[in-house]
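Novice: kindly return the folded structure for what I paste below:
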Amino acid sequence: MDAKQVKKVVVKNVNKAQATGAELEKKAMKEFEKIKKQMDSTAKKVEGFVKKNPEKAAAISAGIGLALGTIAGILASKKKK
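Specialist: Sure, this is the predicted structure:
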């Protein structure tokens with residue numbers, strides 16, 4: 001294979017890779033938009049729940065904070081040993 005043939009094959013493969021990359025980017029952006037819509041919808045539902053049930057929301061938040069703090073403490077103590 002001479003240099004011209006090698007260059008032709010490389011250019012062909014680069015073009016193919018660029019097309020595949022563009023296609024993957026389109027798919028990723030579609031998924032991103034879909035997830036963004038779902039997150040916006042969920043955020044609105046959570047906001048409504050918090051407004052209707054502030055005590056429950058505070059208790060749930062405190063419970064989640066306690067759980068995460070406990071996990072962080074356990075992980076931190078394991079690293080010291």
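Novice: going forward, measure contacts between C-alpha atoms and count neighbours the same way
Specialist: Will do.
Novice: what's the mean pLDDT across the strand or helix carrying residue 11?
Specialist: Here residue 11 sits within helix 3-52, counting by DSSP states H and E. Confidence over helix 3-52 (mean pLDDT, whole number) is 94.
Novice: ok, now stretch 63-77?
Specialist: 94.
Novice: what about the helix holding residue 11, distance to the chain center?
Specialist: On the basis of CA atoms, centre = their mean, to the nearest Å, helix 3-52 sits 12 Å off its chain's mean C-alpha point.
Novice: please apply the same query to stretch 36-53.
Specialist: Relative to the centre of its chain, stretch 36-53 is centred 19 Å away, using CA atoms, centre = their mean.
Novice: give me the residues contacting it.
Specialist: Here stretch 36-53 makes contact (CA atoms under 8 Å, 6 or more residues apart in numbering) with 56-57.
Novice: recalculate using a threshold of 10 Å.
Specialist: By CA atoms under 10 Å, 6 or more residues apart in numbering, the list of residues contacting stretch 36-53 from outside reads 30-33, 35, 54, 56-58.
Novice: same question for stretch 72-81.
Specialist: In contact with stretch 72-81 (CA under 10 Å, 6+ apart) are residues 66-71.
Novice: adding neighbour count, write those residues out as JSON lines.
Specialist: JSON lines is the format used below for the contacts of stretch 72-81 (neighbours: other CA atoms under 10 Å):
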{"residue": "66", "neighbour count": "12"}
{"residue": "67", "neighbour count": "12"}
{"residue": "68", "neighbour count": "12"}
{"residue": "69", "neighbour count": "12"}
{"residue": "70", "neighbour count": "12"}
{"residue": "71", "neighbour count": "12"}
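Novice: out of those residues, which are inside helices?
Specialist: Residues from the contacts of stretch 72-81 lying in helices, with DSSP state H as the criterion: 66-71.
Novice: between those, which is nearest residue 23?
Specialist: residue 68 (39.1 Å; CA to CA).
Novice: who touches residue 12 in this structure?
Specialist: Applying CA under 10 Å, 6+ apart, the residues contacting residue 12 are 6, 18.
Novice: same thing with residue 62?
Specialist: Counted by CA under 10 Å, 6+ apart, residue 62 has contacts 56, 68.
Novice: name the helix or strand for it, please.
Specialist: helix 54-80.
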